[in-house]
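Visitor: A predicted structure for the sequence below; I have some questions about it.
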Amino acid sequence: TRHLVWTPWVLAITTLIVFLAFEVVHRRFAGTDLTLPLEYGKEEHVRQLCRLFKGVWPLVRPYVWEQESRRSWYYFGTLAVLGLIELALGLIMTVWSKNFWDTIEKKKVDHFMPLMQNFTLLVFTIIMVRTYSGYI
């Protein structure tokens with residue numbers, strides 16, 4: 001467990017830096033005017049499942065087959081990396097949970113506070129990664 005002591009710190013600091021950088025530059029690379037009001041609510045409402053998915057391909061096509069820009073592949077790569085980070089965080093959380101319950105069972109009071117600090121960092125990192133996975 002000593003080799004995992006630095007992992008939550010590195011992940012928390014790295015995600016904080018990456019997401020702060022994203023917040024600073026993402027509007028510049030959006031490729032659209034983000035100040036325009038959205039027009040929604042006038043869409044056709046469909047109740048048949050096959051017709052519901054009929055509109056997916058026209059929405060996805062510009063992102064997948066757009067040849068002028070590599071922006072779509074950057075989005076895909078970012079989502080893949082965020083998915084891998086979330087998978088790693090799940091593994092780390094599992095190891096942390098085992099260590100936590102072992103500490104409770106064996107009443108190791110001196111191990112409790114470092115575990116709680118790691119928990120705080122893990123939860124912070126998981127919240128950031130999940131927020132930006134949904135945002136992107």
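Guide: Perfect, thanks for sending it.
Visitor: Would you mind measuring from Leu84 to Trp6?
Guide: 19 Å (CB to CB, to the nearest Å). C-beta here means a position set from N, CA and C on the backbone, and glycine is covered the same way.
Visitor: correction: Thr35
Guide: With CB to CB as the criterion, Thr35 and Trp6 are 43 Å apart.
Visitor: do Leu122 as well
Guide: 13 Å.
Visitor: In terms of neighbours, single out the busier of the two.
Guide: The residue with more neighbours, out of Leu122 and Trp6, is Leu122; 18 against 10, by other CB atoms under 10 Å.
Visitor: Leaving out the residues flanking it, which one is nearest to that one?
Guide: Spatially, and ignoring its direct neighbours in sequence, Leu122 is nearest to Pro8 (5.2 Å; CB to CB, 6 or more residues apart in numbering).
Visitor: mind listing what's buried in the lengthiest helix in the chain?
Guide: For the chain, the helix that runs over the most residues, judged by DSSP state H, is helix 71-106. By 16 or more other CB atoms under 10 Å, the buried positions in helix 71-106 come out as Leu82, Ile85, Leu89, Ile92, Met93, Trp96, Asn99, Phe100, Thr103.
Visitor: CSV please, covering those residues and showing pLDDT and distance to Lys42.
Guide: Formatted as CSV, the buried residues of helix 71-106 follow (pLDDT from 0 to 100; distance: CB to CB, whole Å):
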residue, pLDDT, distance to Lys42
Leu82, 86, 33
Ile85, 88, 38
Leu89, 90, 40
Ile92, 89, 46
Met93, 91, 43
Trp96, 89, 48
Asn99, 90, 54
Phe100, 91, 52
Thr103, 91, 57
